[in-house]
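Model the structure of this input:
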Amino acid sequence: SHHAERSRYHPPLFRVIIWSATSDFHSFFFVATIMFCTFAAIIMFMYNNIQGMLTRIQKLLEIREDSMFLWGPRQTGKSTLLKQLFPDAPYYDLLKSEVYTLYKMKPSRLRDECMMMDEGEVVIIDEVQKIPELLDEVHWLMVNRGIHFILCGSSARKLKRSGANLLGGRAIRKTLHPLVSAEIPDFDIDKAVNVGMLPRHYLASSPAKRIQAYVGDYLQQEVIAEALVRNLDSFTRFMEVAAISDGEMVNYTKIASECGVSSKAVKEYFVILQETLLGYMLPAYTKTVKRRVQVAPKFYYFDVGITNYLLHREPLRRGTAEYGHAFEHLIVQEVMAYMDYSESMKGLSFWHTQNNVYEVDLVVGNAEVAIEIKSSDNVTTSHLKGLKAFGEEHPDCKLIVVSLEERPRMMNSVEIWPAQAFLKRLWDGKVV
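Numbering: from 1, shown residues only. Sure, this is the predicted structure:
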């Protein structure tokens with residue numbers, strides 16, 4: 001027949017499809033639909049699995065000897081990492097309503113189940129902050145049965161404020177940051193500056209809606225659900241003002257005035273952002289040699305993509321002031337993650353003179369390394385004045401500029417590095 005003759009030119013799967021059609025038009029439409037759906041399913045499958053294929057730097061090797069808390073902002077990939085590293089470990093996901101209800105009603109059930117496990121076995125409890133009472137059972141099992149727990153969560157605030165058992169120092173603290181450049185093949189710095197480094201945002205082709213949903217979910221699940229603030233509108237406005245101040249010294253009085261709340265409320269709001277892991281304070285380097293310095297800290301959201309969203313920044317392009325601010329934030333974000341993952345005991349701070357003439361973006365340790373971040377493709381002597389002033393007071397300090405220049409060079413005893421090269425050296429352990 002006509003269809004039988006044509007079917008010889010198609011793969012077996014599509015022969016069946018075409019035989020089931022009643023006309024050429026229906027055949028074409030039916031085949032096209034099946035092909036489109038199959039292609040879409042493959043793309044979705046690949047996307048859902050690409051995060052699991054990334055090699056994260058955080059390995060949690062200490063679990064062989066110790067239990068641990070694994071903290072990290074929402075969607076940094078904690079659950080994916082744990083399932084990747086410990087595929088056979090018992091996994092209690094408290095985000096599942098049936099699991100939450102079961103152990104909320106009877107926390108001792110955890111002990112009953114773990115009594116059947118061997119000493120040294122690893123047990124994972126995800127979103128542990130949702131049932132603080134479980135930590136008493138965890139403590140008992142650690143001491144009496146030698147079970148090693150990974151206690152995962154996105155906020156320690158509820159545990160701290162509820163007076164929950166924090167295991168008396170028996171569990172070490174680890175953090176999972178957003179993705180870092182060393183974890184991403186073919187890392188695109190312009191993309192990172194624009195959308196940030198949360199896996200679901202960086203890996204998406206159109207992340208804008210996801211970033212919007214992320215902020216909405218934070219307000220709903222962390223702020224409203226836990227009744228952290230009385231006035232949600234004021235807190236939402238505060239988050240926007242804090243974004244304007246991102247990477248700047250914190251002025252509580254000014255922010256309070258812009259939000260229409262008291263300075264005391266603003267201080268509490270900043271504490272909420274820190275305890276829910278949405279942001280952190282970078283302290284000032286206060287050691288005085290010649291020049292008097294500022295002592296107020298700087299605030300940064302944990303991911304530059306969140307700051308961009310709150311500020312309604314359009315796609316950022318090199319050469320603009322907005323790109324420069326976001327570029328600085330990204331480099332600070334990377335150095336913070338490196339210092340944490342490398343378990344460096346050296347502090348990280350910034351230096352700013354009281355007369356506002358000189359500033360250095362990052363100071364490592366006791367003035368061992370000073371880093372200035374400039375989104376310029378042509379660094380000039382005017383970009384170096386802060387580093388040179390800091391170097392006068394700390395002559396043994398290594399001075400570095402992170403830039404958008406194409407090649408590294410030395411200029412007046414200052415190392416000038418392209419951002420990509422700097423980040424590679426950072427994660428190779430050659431900067432700090």
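
Just the C-alpha atoms of the one helix or strand Phe390 maps to, please, in CSV.
Using DSSP states H and E, Phe390 sits in helix 385-393. The C-alpha atoms that make up helix 385-393 are tabulated as CSV, following Å, rounded to 0.1, in the frame of the first residue of the first chain:
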residue,chain,number,x,y,z
LYS,A,385,46.0,54.4,45.0
GLY,A,386,44.2,52.4,47.7
LEU,A,387,46.6,49.4,47.4
LYS,A,388,49.6,51.7,47.4
ALA,A,389,48.5,53.5,50.5
PHE,A,390,47.8,50.1,52.2
GLY,A,391,51.2,48.9,51.0
GLU,A,392,52.9,51.9,52.6
GLU,A,393,51.5,50.8,56.0
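
Let's test this: mean pLDDT of it, rounded?
Confidence over helix 385-393 (mean pLDDT, whole number) is 97.

Mind listing what's buried along it?
386-387, 389-391, 393 (16 or more other Cβ atoms under 10 Å). Bear in mind the C-beta positions are built from the backbone N, C-alpha and C, glycine included.

Next: stretch 215-229.
Across stretch 215-229, burial judged by 16+ other Cβ under 10 Å covers 218-219, 222-223, 228-229.

ends of that stretch, how far apart?
16 Å (Cα to Cα, to the nearest Å).

Export only the CA atoms of stretch 307-318, formatted as PDB.
What follows is stretch 307-318, C-alpha atoms only, in PDB (Å, rounded to 0.1, in the frame of the first residue of the first chain):
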ATOM      1  CA  THR A 307      21.300  41.400  44.600                       C
ATOM      2  CA  ASN A 308      20.700  42.000  40.900                       C
ATOM      3  CA  TYR A 309      17.100  40.900  41.200                       C
ATOM      4  CA  LEU A 310      16.300  43.100  44.200                       C
ATOM      5  CA  LEU A 311      17.900  46.100  42.400                       C
ATOM      6  CA  HIS A 312      15.900  45.400  39.200                       C
ATOM      7  CA  ARG A 313      19.200  45.500  37.300                       C
ATOM      8  CA  GLU A 314      18.800  45.000  33.500                       C
ATOM      9  CA  PRO A 315      21.300  42.700  31.800                       C
ATOM     10  CA  LEU A 316      24.600  44.000  32.900                       C
ATOM     11  CA  ARG A 317      27.200  45.000  30.400                       C
ATOM     12  CA  ARG A 318      30.900  45.600  30.800                       C
END
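
what comes into contact with that stretch?
The contact list for stretch 307-318 (Cβ atoms under 8 Å, 6 or more residues apart in numbering) reads 190, 193-196, 208, 211-212, 214-215, 239-240, 242-244, 246, 300-301, 322-323, 326, 329, 375, 377, 404.

Let me see the ranges of the strands in the stretch 101-250 of the chain.
122-126, 148-153, 171-175 (DSSP state E, counting those that start in this stretch).

Run through who's touching the first one.
It stands for strand 122-126. 63, 78-79, 82, 86, 89-95, 114, 117, 134, 138, 147-153.

repeat that for 7 Å
If you take Cβ atoms under 7 Å, 6 or more residues apart in numbering as the criterion, strand 122-126 is touched by 63, 79, 82, 86, 89-95, 114, 134, 147-152.

Quick check: ChimeraX command selecting the buried ones in those residues.
Per 16+ other Cβ under 10 Å, the buried members of those correspond to this ChimeraX selection:
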select :63,79,82,86,89,91,92,94,114,134,147,148,149,150,151,152
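
Quick check: the residue positioned nearest the centre of the chain vs Arg292, distance?
The residue lying closest to the centre of the chain (Cα atoms, centre = their mean) is Pro178, at 2.7 Å. Remark: distance between Pro178 and Arg292 (Cβ to Cβ, to the nearest Å) = 36 Å.

do Leu203 as well
46 Å.

Show me which of those two is the more surrounded one.
Leu203 (16 against 10; other Cβ atoms under 10 Å).

Could you check how far that one is from Thr80?
Counting by Cβ to Cβ, the gap from Leu203 to Thr80 is 12 Å.

Ok, Gln333 next?
20 Å.

Equivalent analysis for Gln274, please.
In terms of Cβ to Cβ, Gln274 sits 25 Å off from Thr80.

Leu95 too?
According to Cβ to Cβ, Leu95 stands 14 Å off from Thr80.

returning to what we had before: between Gln333 and Thr80, point out the one with more neighbours.
Legend: neighbour count by other Cβ under 10 Å for Gln333 and Thr80, higher for Gln333 (22 against 18).

Quick one: residues contacting that one.
Gln333 neighbours (Cβ under 7 Å, 6+ apart): 303-304.

in a strand, that's where it is, yeah?
No. Looking at Gln333 with DSSP: H, G, I helix; E, B strand; the rest coil, it is helix, so not inside a strand.

Just the pLDDT at it, thanks.
For Gln333, the pLDDT comes out at 98.

and what of Phe45?
pLDDT, read off for Phe45, is 46.

cool, and the one 4 residues further on?
The model reports Asn49 with a pLDDT of 51.

next one: Leu228
74.

what does stretch 170-188 contact?
Contact with stretch 170-188 is made by 54-58, 60, 62, 66-72, 76-78, 81, 142, 151, 196-199, 202, 303, 334, 337, 340, 423, 427, as judged by Cβ under 7 Å, 6+ apart.

Which of those residues are buried, as a PyMOL select command?
Entered in PyMOL, the line below selects the buried ones among those, by 16+ other Cβ under 10 Å:
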select buried, resi 54+56+57+58+60+67+68+69+70+71+72+76+77+78+81+142+151+196+197+198+199+202+303+334+337+340+423+427
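
Among the contacts of stretch 170-188, which lie within strands?
Among the contacts of stretch 170-188, the subset assigned to strands under DSSP state E consists of 67-71, 151.

got a list of what Gln212 touches?
Neighbours of Gln212 in contact, by Cβ under 7 Å, 6+ apart: Tyr309.

Over to the one 3 residues further on?
In this structure, Val215 makes contact with 306, 309, judged by Cβ under 7 Å, 6+ apart.

Then Ser155?
Ser155 neighbours (Cβ under 7 Å, 6+ apart): 129, 222, 275-277.

Show me which of the contacts of stretch 307-318 are buried.
Here, 16+ other Cβ under 10 Å leaves 193-196, 211, 214, 239, 242-243, 246, 300-301, 322-323, 326, 329, 375, 404 buried among the contacts of stretch 307-318.

Keep only those of these that are in helices.
Those of those mapping onto helices are 193-195, 211, 214, 239, 242-243, 322-323, 326, 329, per DSSP state H.
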